[in-house]
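In: 3D, please:
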Amino acid sequence: MGNTEKKRLYDLHSWMGELVDNRFPVFDRTASSLKDLTDDDIGRSIDRICASILYDPGGTIAILRKANSGKRGRMGTLVPTVENAAMMIGLDAMRELTNAYPSVTPPGHNSAEKGYMRLVSRAYHAAYQAYDWAVCLGEMTPKEIFVAAFLHDLGAMALWLYGHEYMEAIHELKWEQQVPDDEAQYVILGFSQEQLGCKLAETWGLPDMVVECLQPEESHSQRVQIVRLAHQMAHLSETGWYTDEMVDCLESISGLLEHSYPETVKRVHRCSLEAARETEFIGVSPAASLLPMTSAEWPTPQGEKVDPGAARHFCLMPQRHVYHETVKMLSSASEMSTGIDKIINITLRGLHDGLGLNRAVFALLSKDRIKLVGKHLRGADSDPAFSQFEIDVDMGKKDLFTQLLKKPRSIWVSRKNNEKVMQLIPMNFRELVGLDEFFAISVFVGDKPYGVFYADRHLKDSHLDQQSYERFKKICSYATKAIEASRQ
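Out: Down below sits the predicted model:
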């Protein structure tokens, strides 16, 4: 962990090759608690046996990997919870497993381990909240949601343990230049931590729910929304509980739970305090410690004051090789029977990574033709509100998106045509994107509208350009042909 001599890694494939065979360290107290169990303890509730593991990502991952290695549950799905996995592999195997893994003692002995511990503290806070909301909403499997929330930062945890210098560079961009987290990740890594986490979860046989929550196209599931909102809230709480962003997040949670805003705030604050008490041994100052603070006292992890309104977005650098790779893949996709989901994901990668467009969306036209619903998104990792991308459609009106769905066409909404065009854009959509510049293009299958590709820079001061627009149209044109071929 935390080796300083490393080769430079440039893409997700290289990082997977570096990380896939590494093992997360197990807390020494996890191994000790399993070792100390008596026969009487074993006869009691499985929940008590697993209690210490649920604070420990390394122990959780080790046991789930073992249970899911070449095996699946009776219904054909991966074993979803630590309790299920423990019953499957047995206590002796759990002891052997945790003893075979490297160990770590909170709060950590170096910057890599300390960075990992901060993420563990946040992950447990998010998982505790998510479990509480899942129970409140009557979800049938709240423990699955707990595990998915606890391992949601899997990619970032792996990077802290085995590539901490990259995480420190991301951290520097976030706190010294006020670059949003998801954009800082692309600047330093060229991909998101969620993408890395998703690949690791799939490769290691972690539960389906863990993978589902790391896939942007799954953002409309209630279970996924629980996990994402819990993580957004836990992240925001680390620099203060009373920012505008936190108010927006709590309002979203209030809507999810169908509780009043005051009831929601009370519930979230109570769970934060409870989670902090349970993870005191990790040695990280919990988000709950900031509850009494005023806005003037909000700290950054460096101990400096933070300006809640200072965050700014970062213009992504286009990656020419990704653009050319995208065009090549899409141009041959129609001949290779590529599935629609894969076609769209290739397209969005080309728009986001290849062209450096901060946010890219494919919105599918609903069957009743009254909404365009964002099914696949890039660049909305830390923005659950934008992840709820929806556009109301009324074929009897003359608004912009209705016009796009009447015949194949594209548009570049820019400063030059802004005054005229903005009048045609629904107000709720303008509030959602918060911009007056974007690209959009309709996708038709035969003579019927299928959906719309949308992209922007998420920056009011970073303008779109002609070359990006031409390449946007080229990528989407190839994608449309591939989608049409796939639908036939």
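
In: I figured residue 344 hits residue 479, correct?
Out: Yes: the pair residue 344 and residue 479 passes the contact test of C-beta atoms under 8 Å, sitting 7.0 Å apart. (Each C-beta comes from the backbone N, C-alpha and C, glycine too.)

In: tell me which residues of the helix or strand where residue 271 lies are tucked away?
Out: In this assignment (DSSP states H and E), residue 271 forms part of helix 261-278. For helix 261-278, a neighbour-count test (16 or more other C-beta atoms under 10 Å) marks 264, 265, 267, 268, 271, 272, 275, 276, 278 as buried.

In: Pull the contacting residues for the first one.
Out: Contact analysis of residue 264 by C-beta atoms under 8 Å, 6 or more residues apart in numbering lists 250, 253, 254, 257.

In: from these, which ones fall inside helices?
Out: 250, 253, 254, 257 (DSSP state H).

In: Distance of the last one relative to residue 264?
Out: Separation of residue 257 from residue 264 (C-beta to C-beta, to the nearest Å) stands at 6 Å.

In: go on, the second one?
Out: As for residue 253, its distance to residue 264 is 5 Å (criterion: C-beta to C-beta).

In: Which element, helix or strand, includes the nearest residue to residue 252 once chain neighbours are set aside?
Out: Leaving aside its chain neighbours, residue 252 sits nearest to residue 229 (5.8 Å; criterion: C-beta to C-beta, 6 or more residues apart in numbering). Using DSSP H and E, residue 229 sits within helix 222-237.

In: By neighbour count, which bits of that helix are buried? Give me those.
Out: Those buried within helix 222-237 under the rule 16+ other C-beta under 10 Å are 223-237.

In: Among those residues, which one lies nearest to residue 188?
Out: residue 235 (17.7 Å; C-beta to C-beta).

In: next SSE after the helix or strand of the chain with the lowest mean pLDDT?
Out: Ranked by mean pLDDT, DSSP states H and E, the weakest helix or strand in the chain is helix 39-42, scoring a mean of 62. Beyond helix 39-42 in the direction of the C-terminus, DSSP H and E gives the next helix or strand as helix 46-50.

In: any idea which helix is longest in this structure?
Out: helix 111-136.

In: Would you check the distance separating that one from the middle of the chain?
Out: 14 Å (C-alpha atoms, centre = their mean, to the nearest Å).

In: which strands and helices sit next to the helix holding residue 229?
Out: Secondary-structure packing of helix 222-237 (3 or more C-beta pairs under 8 Å, 6 or more residues apart in numbering; DSSP states H and E): helix 111-136, helix 142-150, helix 208-213, helix 244-257, helix 384-387.

In: Residues in contact with the third one: which ones?
Out: So that's helix 208-213. 77-78, 80, 144-145, 147-149, 151-152, 154, 198, 201-202, 218, 221, 223-224, 227-228.

In: Could you rerun that using 10 Å?
Out: 61, 64, 77-81, 130, 141, 143-152, 154, 194, 197-202, 204-205, 207, 218-219, 221, 223-228, 231 (C-beta atoms under 10 Å, 6 or more residues apart in numbering).

In: ok, of those residues, which come out buried?
Out: For these, buried by 16+ other C-beta under 10 Å: 61, 64, 78-81, 130, 143-152, 154, 194, 197-201, 204-205, 207, 218-219, 223-228, 231.

In: residue boundaries of the strands in the protein?
Out: 26-27, 103-104, 359-365, 371-378, 390-392, 410-413, 438-445, 448-456 (DSSP state E).

In: Sheet partners, orientation included, of the first one?
Out: Spelled out, that is strand 26-27. strand 103-104 (parallel) (DSSP bridges).

In: What of the last one?
Out: Within its sheet, and counting by DSSP bridges, strand 448-456 is paired with strand 359-365 (antiparallel), strand 438-445 (antiparallel).

In: mind listing what residue 450 touches?
Out: 340, 362, 364, 365, 405, 442, 443, 444, 480, 483, 484, 487.

In: Please name the spatially closest residue to the first one (chain neighbours excluded).
Out: Take residue 340 and drop its neighbours on the chain: the residue closest to it by C-beta to C-beta, 6+ apart is residue 486, 5.1 Å away.

In: What number of residues are in the vicinity of the one you found?
Out: Neighbour count for residue 486, taken as other C-beta atoms under 10 Å: 18.

In: shouldn't it be in contact with residue 443?
Out: No: Residue 486 is not in contact with residue 443 according to C-beta atoms under 10 Å; the separation is 11.8 Å.

In: got a pLDDT number for residue 411?
Out: Looking at residue 411, its pLDDT is 93.

In: now swap in the one 5 residues further on and tell me
Out: For residue 416, the model assigns a pLDDT of 74.

In: Equivalent analysis for the one 4 residues further on, please.
Out: Looking at residue 420, its pLDDT is 74.

In: cool, and residue 146?
Out: 97.

In: re earlier: quickly list what's touching both of residue 253 and residue 264.
Out: residue 133.

In: so where's the stretch 151-300 of the chain shaky on pLDDT?
Out: 216-220, 293-300 (pLDDT under 70).

In: If we use 90, what do you get?
Out: By pLDDT under 90, the low-scoring segments of the stretch 151-300 of the chain are 171-192, 215-221, 239-240, 242-245, 247-248, 291-300.

In: same question, the stretch 301-450 of the chain
Out: Ranges of the stretch 301-450 of the chain meeting pLDDT under 90: 301-322, 331-342, 345, 349, 353, 358, 374-400, 402-403, 413-437, 446.

In: With neighbour count and distance to residue 122 as extra columns, can I get the ones in helices among the contacts of residue 264 in CSV?
Out: Formatted as CSV, those follow (neighbours: other C-beta atoms under 10 Å; distance: C-beta to C-beta, whole Å):
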residue, neighbour count, distance to residue 122
250, 20, 17
253, 24, 17
254, 18, 22
257, 18, 21
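
In: Pipe the residues you listed into CSV and attach distance to residue 88 per row.
Out: Below are the ones in helices among the contacts of residue 264 laid out as CSV (distance: C-beta to C-beta, whole Å):
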residue, distance to residue 88
250, 38
253, 34
254, 38
257, 33
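
In: Out of these, which is nearest to residue 87?
Out: residue 257 (31.3 Å).

In: mind listing what the closest one touches?
Out: 132, 133, 136, 137, 226, 229, 263, 264, 267, 268.

In: Repeat that for residue 137.
Out: 145, 222, 223, 226, 256, 257, 258.

In: From residue 259, how far out is it?
Out: Residue 137 is 10 Å from residue 259, by C-beta to C-beta.
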